[in-house]
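Participant: Sequence below, structure please.
(one chain, ligands or ions: 2)
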Amino acid sequence: MSESSHQDRVLIFDTTLRDGEQSPGATMTHDEKLEIAAMLDEMGVDIIEAGFPIASEGDFEAVRDIAKLSKNAVICGLARAQLPDIDRAWEAVQHAARPRIHTFIGTSPLHRDITALTQDEMVERIEATVAHARNLCDDVQWSPMDATRTERDYLCRVVETAIRAGATTINIPDTVGYTAPRESAKLIEMLLERVPGADEIIFATHCHNDLGMATANALAAVEAGARQIECTINGLGERAGNTALEEVVMALKVRNDIMPFRTGIDTTKIMGLSRKVATVSGFPVQFNKAIVGKNAFAHESGIHQDGVLKNAETFEIMRPADIGLNATNLVMGKHSGRAALRSKMKELGFDLGDNQLKDVFVRFKALADRKKEVYDDDLLALMRDSDLDAEHDRIQVKFLRVICGTEAPQSADLILSVDGVEHRVTAQGDGPVDATFAAVKQLIEHDAHLELYQVHAVTGGTDAQATVSVRLSEDGKIATGQASDTDTVVASAKAYVNALNRLMVRREKTKPEGNLAAI
Ligand code: KIV
Ligand code: ZN
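Facilitator: Ligands and ions are numbered 1, 2, ... in the order given. Predicted coordinates:
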């Protein structure tokens, strides 16, 4: 009997590296993807959707290398309903101990119009592509994209076709976050009731969060019989994102009395993954986000504080330790040593190798000299900045001096290293940040448009680091950059340069034919 045939076991399918990476601006590097995949594997995720191999050489290599390295999880690659896509996905995932091909096509009237296929022609396409995938791989997942807006009779027909052609998992995506919990449940019930062979396969639920109901819709689908939840860390994903892994997993744990299902997730790894994904994707977690937000266990009002001190259960439905959050926020300072830093970073989700530890330790000491107390958030900011100087970044900030104050114009003297060669320029602007950005633009000519510039204090105090976020757009491509420093202008320069580096990575990604942005 397979583990998934146990009626109370729900498989967790994580698509942070595929659907999550489709968030505008959330490009991750090859090494970052490998690190996240290893953490997901260790956490007990059942299936990791590692990428979309035909989308770019980089995606292909990431899926292939994750397939080679992963120990426990099924490794899945996405493919459109086209034979070359499926072959490429197989080429990448075949190295896994447990490979899966996930193929999909948009089945709603809107999507049938785009592909210009009649209902019958689409059925034929599904039959041919799923059968082709099944000839390559024993584990095939098929998705009717925009299922929740597909005519019910037609949905039953295409699902039956995919099952007959060999699909072992049928995923029902709410691609545009349009459904609601009762409808989500009814859809799964209907498919289980009407489609021949439905009891032989696993139904999955894949919900987007456009109306803020993704987690509720996913759980409703499980109550109706779905046994695989597709989700991402921090709910990362297109537009408003996907079902958040931490939300469904903790909901099933905390409310097991009314939802008697279990997952194989080690929940104490949740916080580490959340921080890791926030750091590498450049998408900070909103303060009031369920489970992983900074305020999820913070109590402000006197009544709440008093209650929690007497008995935490008065205002907490789970313990911070359940998600791997330390009750005490151990403060690091300039007397802390390497061993303490290594163990602290591990707790924060970063398993540092010796060389990386050496680099981060130097930065930590420099920060501790400038700042009395170094908090978890400072260390996370430090990690992000250590990535900025990684070898793959072609542009790096080497020196910056600004002259600012009440007398205009303000000016910036900047040295950037571009592909290892240093260039210097002085520029003026309306304020120190404007002058700095003008200097960057003089050295790196580009047409990218600055869409967002935001400054946040990482912690309290006048010696706090500032985290600056910059969002650039160019020809429909979006890249975000982030950097932190106790000097806000230095953080601004680094964030701008970080966004430019990411934009270059995006430019290099060659897209396959068709509109990948639509999925
Ligand atoms: O949202 C969606 O429909 C998808 C599919 C590719 C499963 O991400
Ligand atoms: Zn999706």
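
Participant: In contact with the residue of the stretch 201-350 of the chain found nearest ligand 1, which residues are there?
Facilitator: Distances between the stretch 201-350 of the chain and ligand 1 by Cβ to the nearest ligand atom are smallest at residue 206, namely 5.2 Å. For glycine as for every other residue, the C-beta is placed from the backbone atoms N, C-alpha and C. By Cβ atoms under 8 Å, 6 or more residues apart in numbering, the residues touching residue 206 are 15, 143, 171, 172, 173, 174, 175, 230, 242, 243.

Participant: Would you agree the fourth one is in contact with residue 226?
Facilitator: Pointing back at residue 172 there. Yes - assessed by Cβ atoms under 8 Å, residue 172 is found in contact with residue 226 at 7.4 Å.

Participant: sorry, back to before: and ligand 1, which of the contacts of residue 206 reach it?
Facilitator: Applying Cβ under 6 Å from any ligand atom, the subset of the contacts of residue 206 adjacent to ligand 1 comprises 143, 171, 173, 175.

Participant: Reformat the contacts of residue 206 as TSV; add neighbour count, pLDDT and secondary structure.
Facilitator: Output for those, formatted as TSV (neighbours: other Cβ atoms under 10 Å; pLDDT from 0 to 100; DSSP: H, G, I helix; E, B strand; the rest coil):
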residue	neighbour count	pLDDT	secondary structure
15	27	98	coil
143	26	98	strand
171	23	98	strand
172	24	98	strand
173	24	98	strand
174	29	98	strand
175	24	97	coil
230	30	98	strand
242	32	97	strand
243	28	98	coil
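
Participant: that older thread, is it fair to say the residue of the stretch 201-350 of the chain closest to ligand 1 lies in a strand?
Facilitator: Yes - judged by DSSP: H, G, I helix; E, B strand; the rest coil, residue 206 forms part of a strand.

Participant: Beta-bridge partners for it, please?
Facilitator: Beta bridges link residue 206 to residue 173, residue 230, judged by DSSP bridges.

Participant: who in this protein is up against ligand 1?
Facilitator: Proximity of the chain to ligand 1, by Cβ under 6 Å from any ligand atom, involves residues 19, 104, 143, 145, 171, 173, 175, 206, 208, 519.

Participant: out of those residues, what pair is the most spread apart?
Facilitator: Maximum pairwise distance among those (Cβ to Cβ): 14.1 Å, between 104 and 208.

Participant: which residues sit in contact with residue 325?
Facilitator: Per Cβ under 8 Å, 6+ apart, neighbours of residue 325: 271, 297.

Participant: Name the nearest residue to residue 205, sequence neighbours excluded.
Facilitator: residue 221 (3.6 Å; Cβ to Cβ, 6 or more residues apart in numbering).

Participant: Next one: that neighbour from residue 46, what distance?
Facilitator: Distance, residue 221 to residue 46, using Cβ to Cβ, to the nearest Å: 16 Å.

Participant: Just the pLDDT at the nearest residue to residue 281 once chain neighbours are set aside, thanks.
Facilitator: Spatial nearest neighbour of residue 281, chain neighbours left out: residue 26 (4.2 Å); criterion: Cβ to Cβ, 6+ apart. Residue 26 carries a pLDDT score of 79 in this model.

Participant: One more: residue 370?
Facilitator: For residue 370, the predicted pLDDT is 79.

Participant: Please apply the same query to the one 5 residues further on.
Facilitator: Predicted confidence (pLDDT) for residue 375: 80.

Participant: can you check residue 506 too?
Facilitator: 70.

Participant: tally of neighbours for the residue nearest to residue 205?
Facilitator: 29 (other Cβ atoms under 10 Å).

Participant: Can you classify it by secondary structure?
Facilitator: Per three-state DSSP, residue 221 ends up helix.

Participant: With residue 48 instead?
Facilitator: Going by three-state DSSP: residue 48 is strand.

Participant: Excluding chain neighbours, give the residue nearest to it in space.
Facilitator: Closest to residue 48 by Cβ to Cβ, 6+ apart is residue 73, at 4.7 Å.

Participant: Just confirm residue 367 is within a helix.
Facilitator: Yes - looking at residue 367 with three-state DSSP, it is inside a helix.

Participant: What separation do you get for it and residue 209?
Facilitator: For residue 367, the distance to residue 209 - Cβ to Cβ - is 36 Å.

Participant: Equivalent analysis for residue 36, please.
Facilitator: In terms of Cβ to Cβ, residue 36 sits 20 Å off from residue 209.

Participant: Need the per-residue pLDDT for residue 254.
Facilitator: In this model, residue 254 carries a pLDDT of 97.

Participant: Strands of the stretch 51-200 of the chain, start to end?
Facilitator: Using DSSP state E, counting those that start in this stretch, the strands assigned to the stretch 51-200 of the chain run over residues 74-80, 99-106, 140-145, 169-174.

Participant: need the ones you listed in TSV with distance to residue 474, can you?
Facilitator: Below are the strands of the stretch 51-200 of the chain laid out as TSV (distance: least, Cβ to Cβ, whole Å):
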stretch	distance to residue 474
strand 74-80	25
strand 99-106	28
strand 140-145	28
strand 169-174	30
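
Participant: State the helix or strand in which residue 334 lies.
Facilitator: Element membership for residue 334, per DSSP states H and E: none, as it lies in no helix or strand.
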